[in-house]
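Trainee: what's the 3D shape of this:
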Amino acid sequence: MALDLKKLFLFCSMGATCFVQPLDLVKNRMQLSGVGDSAKAYKTSFHAIKDIVGKEGVIAMYTGLSAGLLRQATYTTTRLGIYTWLFETCSKDGQPPGFAVKAALGMVAGIAGAFVGTPAEVALIRMTSDGRLPLAERRNYTGVFNALVRITKEEGLLTLWRGALPTMGRAMVVNAAQLASYSQAKQFLLSTGLLNDNIGCHFAASIMSGLVTTAASMPVDIAKTRIQNMKTINGKPEYTGAIDVLTKVVRNEGFFSLWKGFTPYFARLGPHTILTFIFLEQMTASYRLYVLGNKDVRGSL
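Mentor: I've put the predicted structure just below:
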């Protein structure tokens, strides 16, 4: 059963990624728009899209898709699998755990998933940001595996885990917010009696979860993005850590720059959250009905 559930999680997250990859690219470009010569490149999401399509072509919007899919195959599969297992373990007599426990379970699952998924995350950040660099400075990775091999050869194996701490920190925030808020929102909606445990309830709960998660995780995400994209100049890295990134962003670009790229980030995270949870709920219910023969086909979270 565990193997089948992992396959379900993998399908859900990869399916969602295929829809939102262009938004991930725009979000990454905007978060890096205060760095170097591109400081004034993207003022809005629409400006970014127009600029990228105009200079690099429509296909460029899917740059880094292979890395995005690998990230889902590692990070999302791990975190959702661990969270679901912990959620079921902590449920007593059919009653779900409280919000605080859900948040703690989300953090644990997020940390594990983030560590496993950091190499793919590093490749994704670099691939999606490559087009903003001058031709002579581009890394020109041909795919995620080419990126992983070249990073290992050129910069060392540990570079694959560059930014692991802020990635794990973001995962703690994202999972505590996303998984716990989804479970809590769904539980609240069901308690009102206005909605049944169906796709309408899952849709509404996932929208609430997406809003909460976006607002909570953006400052950590921008720190992660800049650290994983940074270069070492004359033996000195651009940033010493997440706190250094956040300090410099606030000092040089303003406090609200910590939420730079909010629109594409929510446009990416919102649909991804909605699609992932809807796929997960529907496929888990189908799995229980058609494979396990359980006619109680309620969702999983």
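
Trainee: please count neighbours and contacts with C-alpha atoms only from this point.
Mentor: OK.

Trainee: quick one: contacts for the residue nearest the centre of the chain?
Mentor: Centroid-nearest residue in the chain: residue 269, 7.0 Å away (criterion: C-alpha atoms, centre = their mean). For residue 269, the contact set (C-alpha atoms under 8 Å, 6 or more residues apart in numbering) comprises 20, 210, 214.

Trainee: can I get the helix or strand residue 55 falls within as CSV, trimmed to CA atoms?
Mentor: Residue 55 is part of helix 45-56, with elements assigned from DSSP states H and E. Provided in CSV are the C-alpha atoms of helix 45-56 (Å, rounded to 0.1, in the frame of the first residue of the first chain):
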residue,chain,number,x,y,z
SER,A,45,4.6,39.8,-13.7
PHE,A,46,3.1,40.8,-17.1
HIS,A,47,6.3,42.7,-17.8
ALA,A,48,8.3,39.7,-17.0
ILE,A,49,6.2,37.4,-19.2
LYS,A,50,6.3,39.8,-22.1
ASP,A,51,10.1,40.3,-21.8
ILE,A,52,10.8,36.5,-21.5
VAL,A,53,8.6,35.6,-24.5
GLY,A,54,9.9,38.5,-26.6
LYS,A,55,13.5,37.8,-26.0
GLU,A,56,13.6,34.0,-25.6
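
Trainee: and the next helix or strand past it?
Mentor: Immediately after helix 45-56, counting by DSSP H and E, sits helix 65-71.

Trainee: which strands and helices sit next to that next one?
Mentor: When contacts are defined as 3 or more C-alpha pairs under 8 Å, 6 or more residues apart in numbering; DSSP states H and E, helix 65-71 sits against helix 2-31, helix 99-129, helix 144-155.

Trainee: can you give me how far it is from the chain middle?
Mentor: Remark: helix 65-71 is offset 11 Å from the chain centroid, using C-alpha atoms, centre = their mean, to the nearest Å.

Trainee: now do the next helix or strand after that helix: which elements does it pack against?
Mentor: Using DSSP H and E, the next helix or strand after helix 65-71 towards the C-terminus is helix 77-90. Packing partners of helix 77-90 (3+ C-alpha pairs under 8 Å, 6+ apart): helix 2-31, helix 99-129.

Trainee: burial measure for residue 132, as a count.
Mentor: Residues lying near residue 132 (other C-alpha atoms under 10 Å) number 18.

Trainee: can you check residue 290 too?
Mentor: 12.

Trainee: any idea how far it is from residue 190?
Mentor: 25 Å (C-alpha to C-alpha, to the nearest Å).

Trainee: before we move on, what about residue 109?
Mentor: 25 Å.

Trainee: which of those two has more neighbours?
Mentor: Counted by other C-alpha under 10 Å, residue 109 and residue 190 do not tie: residue 109 has more neighbours, with 27 against 15.

Trainee: measure the more buried one to residue 236 for me?
Mentor: Counting by C-alpha to C-alpha, the gap from residue 109 to residue 236 is 34 Å.

Trainee: what's the answer for residue 60, then?
Mentor: Separation of residue 60 from residue 236 (C-alpha to C-alpha): 31 Å.

Trainee: more neighbours: which of those two?
Mentor: Neighbours were tallied for residue 60 and for residue 236 using other C-alpha under 10 Å; the higher tally belongs to residue 60 (17 against 9).

Trainee: shaky segments in this protein?
Mentor: The model of the chain has pLDDT under 70 over residues 1-10, 12-13, 34-41, 287, 295-301.

Trainee: list the contacts of residue 45.
Mentor: When contacts are counted by C-alpha under 8 Å, 6+ apart, residue 45 is found next to 26, 27, 30, 261, 263, 264.

Trainee: that older thread, can you tell which of the helices and strands packed on helix 65-71 is closest to residue 253?
Mentor: Between residue 253 and these, the tightest spacing by C-alpha to C-alpha is seen for helix 2-31, at 11.4 Å.

Trainee: just the strands in the stretch 151-300 of the chain please.
Mentor: 232-233, 236-237 (DSSP state E, counting those that start in this stretch).

Trainee: so what strands line up beside the last one?
Mentor: In other words, strand 236-237. Each strand paired with strand 236-237, and its direction, by DSSP bridges: strand 232-233 (antiparallel).

Trainee: please save the CA atoms from stretch 178-197 in PDB.
Mentor: Provided in PDB are the C-alpha atoms of stretch 178-197 (Å, rounded to 0.1, in the frame of the first residue of the first chain):
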ATOM      1  CA  GLN A 178      -0.100  24.400   3.500                       C
ATOM      2  CA  LEU A 179      -0.800  21.000   4.900                       C
ATOM      3  CA  ALA A 180      -2.100  22.100   8.200                       C
ATOM      4  CA  SER A 181      -4.200  25.000   6.900                       C
ATOM      5  CA  TYR A 182      -5.700  22.700   4.200                       C
ATOM      6  CA  SER A 183      -6.600  20.000   6.800                       C
ATOM      7  CA  GLN A 184      -8.000  22.700   9.100                       C
ATOM      8  CA  ALA A 185      -9.900  24.500   6.400                       C
ATOM      9  CA  LYS A 186     -11.400  21.300   5.100                       C
ATOM     10  CA  GLN A 187     -12.300  20.300   8.700                       C
ATOM     11  CA  PHE A 188     -14.000  23.700   9.200                       C
ATOM     12  CA  LEU A 189     -15.900  23.600   5.900                       C
ATOM     13  CA  LEU A 190     -17.200  20.100   6.700                       C
ATOM     14  CA  SER A 191     -18.200  21.200  10.200                       C
ATOM     15  CA  THR A 192     -20.400  23.900   8.900                       C
ATOM     16  CA  GLY A 193     -22.500  21.300   7.100                       C
ATOM     17  CA  LEU A 194     -22.600  23.500   4.000                       C
ATOM     18  CA  LEU A 195     -20.200  21.200   2.000                       C
ATOM     19  CA  ASN A 196     -19.700  17.500   1.800                       C
ATOM     20  CA  ASP A 197     -16.300  15.800   1.500                       C
END
